[in-house]
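**Student:** how would this look folded up:
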Amino acid sequence: MNVEIKEQNNKGFAIATDNDVRAGVMTYSIPASDFIIIDHTEVNPEFKGKGVGKQLLYKIVDMAREKDLKILPLCPFANAMFKKLDDIKDVLKS
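**Tutor:** Below you'll find the model as predicted:
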């Protein structure tokens, strides 16, 4: 599984691919210089239950740590993961 982050203007996304097949995408917006908003997660049905959403989230969390950003998870999936996973709460926007 390959996970990459791409940004353009004030939007960005993490995309997961497996043998050139899109496994999933997590999108975010950049409203300010100190935080991002995760607004949508979509996983290809054939990859459901394989941890794709979590891999996408961890890629964005790693990017946020590198850039010293906080994350506001408006996406229901990302929000649920932030409530469940203690190891990513350091980037949660309060």
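**Student:** give me the nearest residue to the spatially most central residue of the chain, chain neighbours excluded.
**Tutor:** Centroid-nearest residue in the chain: residue 57, 3.4 Å away (criterion: Cα atoms, centre = their mean). Among residues not flanking residue 57 along the chain, residue 81 sits closest, at 5.4 Å (Cβ to Cβ, 6 or more residues apart in numbering). Placement of C-beta: from N, CA and C, glycine included.
**Student:** who are the contact partners of that neighbour?
**Tutor:** By Cβ atoms under 8 Å, 6 or more residues apart in numbering, residue 81 lies in contact with 53, 54, 57, 73, 88.
**Student:** returning to that earlier point: show me what contacts the residue nearest to the centre of the chain?
**Tutor:** Neighbour list for residue 57: 14, 26, 38, 41, 77, 78, 81, 88 [criterion: Cβ under 8 Å, 6+ apart].
**Student:** next SSE downstream of the one helix or strand it maps to?
**Tutor:** Using DSSP states H and E, residue 57 maps to helix 52-67. For helix 52-67, the following helix or strand on the C-terminal side (DSSP H and E) is strand 70-73.
**Student:** next helix or strand past that next one?
**Tutor:** Assigned by DSSP H and E, the successor of strand 70-73 is helix 76-84.
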